[in-house]
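In: missing the sequence, but the structure's below:
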């Protein structure tokens, strides 16, 4: 079936290093992707999004890359900080009128001081 | 500005009791979604409201689950005769009509004893 999933359950990085979180998708018709960050006890927080007519989008310290050929996207966080520690989800609005989100199981980013 | 507000933040109840969870979306957001997140899992879509249209209830897991949205704003998710497998975080999200991204509340953590 269609799915949006993440490659690794946990990613541990040193403070100040760059982080790369990967996500694969299977629906070639997907035209929009969103990255969310979820801290413990909180709801998912929007980070950045990208439409399929782009292959790169930058925000503050974050960059999302989209490779439609291999159906892969990644979230890059520059100069990772302790406050970046959280679970990160890539989300793909379902290709229906309601556009509900499908989430993978997430990648837990642990930032070591 | 005010984000999505959910109450209560935590709810502990006995098996077989009914519970009501409340969501107050961002002002002006006509699209409202309920999701369920089990421990360490991604999101499971439950129900979608868009303006005055009939809600999309296709994600509700059983007829014990129902939801209402009054006046196009506040929504209530009701679970009747709760079971232990209903224990989860129930998240509400809202967005502008037909638009993304969705903005989430911090959820209600429901524990069924």
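Out: Received, thanks. Owing to the predicted nature of the structure, the values given are computational and were not obtained by experimental measurement.

In: in chain B, which residue is most central in space?
Out: The residue lying closest to the centre of chain B (Cα atoms, centre = their mean) is residue B:34, at 3.4 Å.

In: so for the nearest residue to it once chain neighbours are set aside, what's the pLDDT?
Out: For residue B:34, ignoring the flanking residues on the chain, the nearest one in space by Cβ to Cβ, 6 or more residues apart in numbering or on different chains is residue B:46 at 4.2 Å. For glycine as for every other residue, the C-beta is placed from the backbone atoms N, C-alpha and C. For residue B:46, the pLDDT comes out at 95.

In: could you find the closest non-adjacent residue to residue 18?
Out: By default, I'm working from chain A. In space, residue A:18 is closest to residue A:78, 5.4 Å off (Cβ to Cβ, 6+ apart).

In: other chain: chain B
Out: Excluding its sequence neighbours, the residue lying closest to residue B:18 (Cβ to Cβ, 6+ apart) is residue B:80, at 4.9 Å.

In: that neighbour contacts residue B:60, correct?
Out: No: look at residue B:80 against residue B:60 with Cβ atoms under 8 Å: they stay out of range, at 11.7 Å.

In: find residues that contact each of those two.
Out: By Cβ atoms under 8 Å, 6 or more residues apart in numbering or on different chains, residue B:80 and residue B:60 have these common neighbours: residue B:66.

In: circling back: secondary structure element for the residue nearest to the centre of chain B?
Out: strand B:31-37 (DSSP states H and E).

In: quick one: list the elements packing against that strand.
Out: Helices and strands touching strand B:31-37, as assessed by 3 or more Cβ pairs under 8 Å, 6 or more residues apart in numbering or on different chains; DSSP states H and E, comprise strand B:43-50, strand B:75-79, strand B:88-95.

In: what angle separates the shortest one from strand B:31-37?
Out: This means strand B:75-79. 30 degrees (axes from the mean of the first three to the mean of the last three Cα atoms, to 10 degrees).
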